[in-house]
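J.: Would you be able to build a 3D model of this:
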Amino acid sequence: MGYETDFLGGELPMPVPLPLDAAQPDAEPDTVLLDYVHFSVRLDQRRRLARVTGVNLDGAQLVERERSGDRWRLDPRVPADWQAGPAVYADNPLDRGHLVRRRDPVWGDPAVAARAESDTFHYPNAAPQAAGFNQSKELWLGLEDHVLAFGANERLRLSVFTAPVLVADDPPYRGIRLPRRFFKVVAWLRGERLAAAGFVLDQSALVASLVERGAGALPELGGFRTFQAPIAEIAEFARLAMPQLVAADRMPRAVAASGWRKLSGPEELLL
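T.: Numbers count the residues shown, from 1 in each chain. Have a look, this model is predicted:
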């Protein structure tokens with residue numbers, strides 16, 4: 001019951017990982033696909049984090065469920081040392097940041113919706129996010145809430161792809177490397193045509209502070225920056241093939257040509 005490629009009517013596969021090292025284009029990415037209810041995670045076994053996640057969101061069938069406490073757990077289908085588990089997040093200002101957010105796959109039959117919510121608490125669906133960006137309405141959570149409301153209010157079906165951006169010089173920390181950027185690409189139908197929008201959150205300053213000052217470093221919200229960015233550029237720096245999403249990008253060429261569009265609130269999104 002993982003990500004469905006035909007959820008929007010036509011065939012829209014999840015982005016395909018390319019070798020992280022562009023200098024070795026023939027190297028095969030070392031990943032495994034994990035299917036959950038209404039979403040899938042493509043896990044990088046070496047980096048122990050997702051290369052990409054894909055979720056199907058049905059705005060007309062969303063189910064509201066009260067959050068009853070985090071229940072994070074390892075996925076028993078893959079070895080524990082392939083996953084960034086609880087030790088990464090202990091006694092520091094890092095959050096277990098949902099990639100597929102808790103509410104997005106929670107739709108349909110109540111029993112199925114409950115399973116979908118529970119599935120989002122597997123560690124392959126988490127990535128280290130500096131405390132604050134995962135919690136602030138003005139930052140990433142505000143963007144995610146806007147995307148969910150967009151689907152619910154318009155009763156749209158959406159396919160959403162989210163992941164940390166994994167690069168070779170990410171700083172080492174407790175057996176992993178801390179990602180400094182995250183991306184999100186949202187796809188939907190406008191009439192009968194595919195439309196998409198891409199976003200990037202940069203937590204570079206906060207990661208540097210944590211690594212330099214130690215586990216007790218407290219992040220400041222000013223260290224976060226959120227952008228709407230051309231999907232073609234996201235595909236390039238995230239090392240993912242997603243030609244249909246690139247072609248469907250709603251960002252006007254004139255805006256894209258002037259650089260990434262820094263966002264201060266969800267009302268500034270171009271959808």
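J.: What average pLDDT does stretch 113-125 get?
T.: Averaging pLDDT along stretch 113-125 gives 96.
J.: Kindly check the end-to-end length of that stretch for me.
T.: Start-to-end span of stretch 113-125 (C-alpha to C-alpha, to the nearest Å) is 17 Å.
J.: Repeat that for stretch 86-103.
T.: End-to-end span of stretch 86-103 (C-alpha to C-alpha): 22 Å.
J.: Also stretch 237-248?
T.: 18 Å.
J.: Pull out the buried residues from it.
T.: Residues of stretch 237-248 classed as buried by neighbour count (16 or more other C-beta atoms under 10 Å): 238-240, 242, 244-246, 248. (Glycine included, C-beta is placed from N, CA and C.)
J.: Test my guess that residue 13 contacts residue 5.
T.: Yes. If you go by C-beta atoms under 8 Å, residue 13 and residue 5 touch, sitting 5.1 Å apart.
J.: Make sure residue 114 is indeed in a helix.
T.: Yes. Applying DSSP: H, G, I helix; E, B strand; the rest coil, one finds residue 114 inside a helix.
J.: quick one: the helices in the stretch 1-150 of the chain?
T.: 110-119, 140-153 (DSSP state H, counting those that start in this stretch).
J.: picking up where we left off before, what about the buried residues of stretch 237-248, which are in helices?
T.: Applying DSSP state H to these, the entries found in helices are 238, 244-246.
J.: farthest-separated two in the residues you listed?
T.: Across those, no pair lies farther apart than 238 and 244, at 15.5 Å, counting by C-beta to C-beta.
J.: pLDDT weak spots in the protein?
T.: Scanning the chain for pLDDT under 70 picks out 23, 25-27, 68-70, 131-146, 148, 150-154, 205-206, 208-225, 254-259, 263-271.
J.: Just list the residues touching residue 85, thanks.
T.: 74, 123 (C-beta atoms under 8 Å, 6 or more residues apart in numbering).
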